[in-house]
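A.B. asks: Generate coordinates for the sequence data below:
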Amino acid sequence: MNRFYLLGILLIAILNIVYGRIVTFSVIAFGNEVSVTINGIVNPMRRIDDYSNVHSVTLMLEEVPFEYFYTVDGQSDGYIRTLDSTTHSTYIEFFGRERTIKPLKGMGYPPDKPQWVRSIGKTEVFDESYIPTIIVDAGSKDYFVTGNDTWTLGRFTMILKDEIFTEENVPTKCQNRYEDKFQWRVKLQNKIHKRSVFKFRANAVDPTFYRQSLYGDMAAAVGNPVHNQVICRVYLSDGTPIGLYLMIEVTSSRSFIKTQFYGNEISGKVHVPNKKLGFPLDCRSGADFYPNGPYDQFIYSVGENNEKIAYLSKAMHEVDVYNEADVQRFNKEWFDLDVFLRAMALEYLTGDWDSYWMDTCNYVMYDAPEEFTENTFKYYFIDQDFDLTFGIGLSHKVNLYGDAFPSQSYKTLVNRTWNVGSKDPANREAIDIFLRGGITTTMFENHLIDIVKHVFNPVALGRRLEEYIDRYTEEVQWDYTIERLRIANNPNHTRYVFTMDDYYANLGDTKVKSAEWGLMRWIKMRAQAVAEEFGFEWDQVPLDPSPKNIPLPVEEEEEDNDKETDESKLNVNSGFNTITTVNIACILILLTTLILTIYL
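C.D. replies: Numbers count the residues shown, from 1 in each chain. The predicted model follows:
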């Protein structure tokens, strides 16, 4: 009798496993007692480690939709979430935020235009549908107070939607330390989806927070090599908020060059031809293509001197811009002109005075050895640092740009002297060579028209901005209301403190005090000026991104030193495979028990 009773219980248990589901819940929460409540039942969650503040629990549930909510130390965040009938795990959610996943509509470009297909792609690190959380050990609080040039983080943890990466003793470097919210960078020993060097930019001069992101979106949309990016939250491990940052790849790093120039989105691998990687060239203030030098501001981050720049500069000054064959030869052997001219169009449209064209020189180049010949050295131009754009910081530069800016023609910005009044006034060699007329000027104007027609206009860029506003406004509000560690501990460092009033004012179509032009005002004025000058209309319906024509993956295996290491990685939710394994294991155990019960 007891045997058949036990047999019935086991059969019911097996049916529950076969026809039910195992669901894992995960949430980032800064507290001690964390739970998830389902159908009135409170289920305690466990902290999965000592550093990420991720709490998790795995439950057996029916295959029906249901609602749930999280509670931390007796307090609910007020959000009732819903899980459908087929999901076996949540992503790593964030206590206090209702939406965990929210895809954003991107910007498209005509499919017949050039595409950049040499990148490994965004991967999970830069998946903008999710907001990553960065956790830094609480012992590094002094770093965010003092803004030391260098520091070693006791532990750095990156939380993605279903992965946690962590590493101890991570070197970091502070930039713009005079600001109350400075930017900083880290270099990891273990790669995260092939990336190892990250910069956290604070957008400290942009009340809207979105100018840098929009610029990067445009560069990627029109087919230029550009760093990937994602907006993320940063906390100390004790729950102290540091702020909202734009996390980007560092363009002057070898990991960026590998993933941006030698990656494949289909295979997810990196393959460097002949295992010979070129060098990222950091081009700092004053770095220009003078016919006879100096070239001391072209600085390789590792491994090589800058002697080849002299040959590039010589070739640049010798090219006949009125001879199409000579232009195409230069483009193939020395310098990708389409990439460069598209970058210049974006600099002109956004008033980017902290890059190559208009004021300072702040950009990166890459020399690609697989495209070298015995006597030529091929380079690619890479723009970076997009904070001083869309009108930011131009009030003190009226004499430099003219009162008509931002409505003036690009033609007024050619063959002129920059940094007037400084100790180092100078022309812009590449601008004066390629935009003085001829084939290269026609190339530039065609790129400029295409970019305004399809990307830089109130319709396409306006939709992208609305996506940001919908997704990130509550994050910006959080950032603008937290107490800055530097201000609390050293009031002398207070420089840029914005409010939500600044945020909304700077988004709009008005002239505002804290930024010379509201973001949409700038976009409309620039687009209208170019459209009127060249006589065209921009798209009235924004283009969606079109599929890329990505070449088939290289058959060879990637280099050993590019293979992902698992030492820093913890999979919190690994999806169906884990669920299936658990179910099979449970069924086998119960079947074994059932057999033993029957025969013993």
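A.B. asks: Now do the same contact list for Glu474.
C.D. replies: Glu474 makes contact with Arg97, according to CB atoms under 8 Å, 6 or more residues apart in numbering. Quick note: C-beta positions are derived from backbone N, CA and C, even for glycine.
A.B. asks: Can you tell me how far it is from Ile80?
C.D. replies: According to CB to CB, to the nearest Å, Glu474 and Ile80 sit 17 Å apart.
A.B. asks: Average pLDDT for the particular helix or strand that has Ser35 in it, rounded please.
C.D. replies: Here Ser35 sits within strand 34-38, counting by DSSP states H and E. Strand 34-38 shows a mean pLDDT of 97.
A.B. asks: any idea which helix or strand comes after that strand?
C.D. replies: Following strand 34-38 toward the C-terminus (DSSP H and E): strand 41-44.
A.B. asks: Name the next helix or strand downstream of that following strand, please.
C.D. replies: Assignment by DSSP H and E places the next element after strand 41-44 at strand 46-47.
A.B. asks: Just the residues contacting the following helix or strand past that next one, thanks.
C.D. replies: Where DSSP H and E defines the elements, the next helix or strand beyond strand 46-47 is strand 54-61. Residues from elsewhere that reach strand 54-61 (CB under 8 Å, 6+ apart): 16-17, 20-29, 34, 36, 38, 43-48, 92, 159, 164, 572.
A.B. asks: Can you get me a residue count around Asn292?
C.D. replies: 9 (other CB atoms under 10 Å).
A.B. asks: Just the pLDDT at it, thanks.
C.D. replies: 89.
A.B. asks: tell me the contacts of it?
C.D. replies: Listed by CB under 8 Å, 6+ apart, Asn292 has no contact partners.
A.B. asks: Flag the shaky bits of the stretch 251-400 of the chain, pLDDT-wise.
C.D. replies: Along the stretch 251-400 of the chain, the parts satisfying pLDDT under 70 run over 301-305, 395-400.
A.B. asks: Looking at the residue positioned nearest the centre of the chain now. What's its pLDDT?
C.D. replies: What sits nearest the mean C-alpha location of the chain, by CA atoms, centre = their mean, is Gln229, with 0.4 Å. Gln229 is assigned 97 on the pLDDT scale.
A.B. asks: give me the beta-bridge partners of it?
C.D. replies: Ile248 (DSSP bridges).
A.B. asks: Show the contacting residues for it.
C.D. replies: The neighbours of Gln229, taking CB under 8 Å, 6+ apart as the test, are Phe126, Gln212, Ser213, Gly216, Leu246, Met247, Ile248, Glu249.
A.B. asks: Could you spell out the sheet neighbours of the strand holding Ser35, each with its direction?
C.D. replies: Sheet pairing for strand 34-38, using DSSP bridges, gives strand 41-44 (antiparallel), strand 66-72 (antiparallel).
A.B. asks: Redo the ones you listed as CSV? Include mean pLDDT, mean neighbour count and distance to Ser52.
C.D. replies: Listed next are the strands paired with strand 34-38 as CSV, based on pLDDT from 0 to 100; neighbours: other CB atoms under 10 Å; distance: least, CB to CB, whole Å:
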stretch, mean pLDDT, mean neighbour count, distance to Ser52
strand 41-44, 97, 11, 18
strand 66-72, 97, 17, 15
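A.B. asks: quick one, which of those strands is nearest to Arg464?
C.D. replies: strand 66-72 (31.5 Å; CB to CB).
A.B. asks: Wasn't Thr510 part of a strand?
C.D. replies: No. Checked against DSSP: H, G, I helix; E, B strand; the rest coil, Thr510 lies outside a strand; its state is coil.
A.B. asks: Determine the number of other residues adjacent to it.
C.D. replies: Neighbours of Thr510 using other CB under 10 Å come to 11.
A.B. asks: my guess is it contacts Arg521, does it?
C.D. replies: Yes. Judged on CB atoms under 8 Å, Thr510 makes contact with Arg521 at a distance of 6.2 Å.
A.B. asks: among the helices and strands of this structure, which has the poorest mean pLDDT?
C.D. replies: When the helices and strands of the chain are scored by mean pLDDT, DSSP states H and E, helix 576-599 comes last with a mean of 44.
A.B. asks: re the thing from before, possible to save the strands paired with strand 34-38 as TSV with distance to Phe298?
C.D. replies: Shown next, in TSV, are those (distance: least, CB to CB, whole Å):
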stretch	distance to Phe298
strand 41-44	59
strand 66-72	52
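A.B. asks: just so I know, which of these lies nearest Gly96?
C.D. replies: strand 66-72 (8.8 Å).
A.B. asks: Can you report phi and psi for the nearest residue to Tyr356 once chain neighbours are set aside?
C.D. replies: Spatial nearest neighbour of Tyr356, chain neighbours left out: Tyr363 (5.0 Å); criterion: CB to CB, 6 or more residues apart in numbering. Per-residue torsions, Tyr363: phi -160, psi 180 (degrees, to the nearest 10).
A.B. asks: Verify the contact between Asp352 and Met344 for me.
C.D. replies: No. Contact criterion CB under 8 Å: Asp352 and Met344 do not qualify, at 9.6 Å.
A.B. asks: does Asp238 belong to a helix or a strand, and which?
C.D. replies: Judged by DSSP H and E, Asp238 forms part of no helix or strand.
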